[in-house]
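>>> Everything below, folded, please.
(chains A, B, C and D)
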Protein chains: 2
Amino acid sequence: MPEDKAGVSSSSTGRNLRYLVSHSTYLAAIGKIPDTLPTHKRTFMKGHDLIHEGQRGQNAYLLRDGWACSYRILHDGTRQIINFHIPGDLVGIRRLITFASDDNLCAITRMEAEEISVDDLSIALRGNSCLAMSILWSAFRDEAIVTQHLIDVGRRHPINRAAHLFLELGSRLNLAGLGTKTAFECPLTQSLVADALSLTTVHFNRVLRQLRELNAMTFHDGRVAFLDSRKLEHLADFDSSYLR
Amino acid sequence: MPEDKAGVSSSSTGRNLRYLVSHSTYLAAIGKIPDTLPTHKRTFMKGHDLIHEGQRGQNAYLLRDGWACSYRILHDGTRQIINFHIPGDLVGIRRLITFASDDNLCAITRMEAEEISVDDLSIALRGNSCLAMSILWSAFRDEAIVTQHLIDVGRRHPINRAAHLFLELGSRLNLAGLGTKTAFECPLTQSLVADALSLTTVHFNRVLRQLRELNAMTFHDGRVAFLDSRKLEHLADFDSSYLR
DNA sequence: CGTGTTCTTGAGAGTAATCAAATAGAGTGG
DNA sequence: CCACTCTATTTGATTACTCTCAAGAACACG
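Numbering: from 1, shown residues only, chains lettered A, B, ... in the order given. Okay, the predicted model is just below:
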């Protein structure tokens, strides 16, 4: 508990010294990358891979419209979906450093994205520590999301797991200015969600029925509706602070 | 597959433009942080939390000796271990931006670490884009490790899952200059490993027996020995490239 | 109208959790 | 030095949950 050696760096000073700003500031900074860098508007068909495993990546993408997901296919053919990506997300920046992106990235719907050369981004980063901090923020946020996903898959029962995923998607969409507090358009199939939750499609279908029968939420016809957010949050043990 | 619009930014130019350097270069840069920043040598007792959930973090830690783990405790009391940390790892940097660290960090053994004020680190980052890239590298690497962990827990059978974790630890220790190709000191309990693998201690114990009976590996008395690395790598579907 | 995909439900099999208990070892205090 | 405690490991028996296999229903698309 003893945490300080006298108040040279008081907490308020600390806050000023650090680049600590709000979610929306970072989000805005990411969204404004195209104002400072040459980008290239691209459209991807549903089902097309934006980034393919092993492919030497030269580009990152700022998603503008549509959904995508990052995933891995294992030896036995099973798929693990790592994360779903929505408009406003910056994907593929790991290529700034690691060269080969280890995750595949697939368009779930028709997608509009701005292609950013990682070389250009790298140059811009050098002189612009504000941009660098935004990229770092984006990386930390992705890590926090994957960490939550690991906790979800590792330690929550299927019904709680599903509740958590949908609540997270709802929060992220809200922060991106999409959907409402209690409903959102969700272009995922049951098979996609099941592969994210590490369940079979059959079992996820039964879980959805349970959630419906509890009057907690519904998911059909490309739309998620929260019937009882309180109940859902309780089921999921959900705290959205990691998203902000 | 069509990937380029003529070779203005050829791949070799690209490589120079980016900060793409080897693992060891980044690792060295992280290890040299104390040369450029004031740090504070600290020792933690086994079982002590270096970082506690919700605590307002002012410090990051560069681990010098001993093992730690980051973890979360869920409502029902179950624990998910997110990652094990070994000497050379930089932990707690998420606090540069997110303020509240969401993971707890606990010393598994007696630990020696260098405490780094995130304020100091933040200031240093501004003028030093090389340091910034090293921090970014560290963040990406952590994300890659958590992602592999998610795939492990989500889609691999317990025996393959265990094999993967031990191979990863072996590789990371090797890269940090510890252990040999076929054995390393491993101060974890079965209970800790089980909580990382999302298995019960009882079941992990049976998995260990299977691995022993397959003559693949052993883990007892604080020591892991790979008896048949080929067999293990095949079991785990292991590719160490995400660690480099 | 046929084809393919997604969703839904049923029945049975198999795996990991739970419950229970014995063993072993380290550390403590009398 | 020995009894005692606490933790870690190991094994067995039973339960429960999720997967697998199978098939039908709903719907979109050409």
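>>> What about residue A:202, how many residues nearby?
Per other CB atoms under 10 Å in any protein chain shown, the neighbour tally for residue A:202 reads 9. In this view, the C-beta of every residue, glycine as well, is placed from N, C-alpha and C.
>>> and if you look at residue A:127?
9.
>>> per-residue pLDDT, it?
With respect to pLDDT, residue A:127 has a value of 83.
>>> List the residues that contact the closest residue to it other than its chain neighbours.
Excluding its sequence neighbours, the residue lying closest to residue A:127 (CB to CB, 6 or more residues apart in numbering or on different chains) is residue B:129, at 7.8 Å. Each residue near residue B:129 by CB atoms under 8 Å, 6 or more residues apart in numbering or on different chains is listed here: A:125, A:126, A:127, A:129, A:132.
>>> and residue B:129, how far is that from residue A:86?
According to CB to CB, to the nearest Å, residue B:129 stands 30 Å off from residue A:86.
>>> can you check residue A:207 too?
Taking CB to CB, one finds residue A:207 at 22 Å from residue A:86.
>>> The nearest residue to residue A:156 once chain neighbours are set aside: what's it in contact with?
Leaving aside its sequence neighbours, residue A:156 sits nearest to residue A:164 (CB to CB, 6+ apart; 6.4 Å). For residue A:164, the contacting residues are A:148, A:152, A:156, A:236, A:237, A:238, by CB under 8 Å, 6+ apart.
>>> Same check on residue A:74?
Applying CB under 8 Å, 6+ apart, we find residue A:74 in contact with A:80, B:151, B:155, B:156, B:237.
>>> ok, the first one - how many residues close by?
Read that as residue A:80. 24.
>>> domain assignment for chain A?
Domain assignment for chain A by automatic domain parsing gives A:14-152, A:156-244.
>>> Now flag whichever of the contacts of residue A:74 is closest to residue A:192.
Each of the contacts of residue A:74 was scored against residue A:192 by CB to CB, and residue A:80 proved nearest at 11.5 Å.
>>> tell me which parts of chain A are close to DNA strand D?
Counting by CB under 7 Å from any atom of the strand, the residues of chain A close to DNA strand D are A:157, A:158, A:198, A:199, A:200, A:202, A:203.
>>> tell me, which of those residues make contact with chain B?
For chain B, the contacts drawn from those by CB under 8 Å from any CB of the partner chain are residue A:198.
>>> before we move on, the earlier item: now distance to residue B:193 too, for the domains of chain A, in CSV please.
Compiled in CSV, those are given as follows (distance: least, CB to CB, whole Å):
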stretch, distance to residue B:193
domain A:14-152, 15
domain A:156-244, 20
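>>> just to revisit the earlier point, let's have the contacts of residue A:164 in JSON lines, adding neighbour count and pLDDT.
Converted to JSON lines, those look like this (neighbours: other CB atoms under 10 Å in any protein chain shown; pLDDT from 0 to 100):
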{"residue": "A:148", "neighbour count": "20", "pLDDT": "97"}
{"residue": "A:152", "neighbour count": "25", "pLDDT": "98"}
{"residue": "A:156", "neighbour count": "23", "pLDDT": "98"}
{"residue": "A:236", "neighbour count": "21", "pLDDT": "97"}
{"residue": "A:237", "neighbour count": "17", "pLDDT": "95"}
{"residue": "A:238", "neighbour count": "19", "pLDDT": "95"}
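>>> quick check, nearest of those to DNA strand C?
Set against DNA strand C, the nearest of these by CB to the nearest atom of the strand is residue A:156 (12.2 Å).
>>> How many residues are close by the residue of chain A found nearest DNA strand C?
Nearest to DNA strand C in chain A, going by CB to the nearest atom of the strand, is residue A:190, at a distance of 3.2 Å. Neighbour count of residue A:190, defined by other CB under 10 Å: 16.
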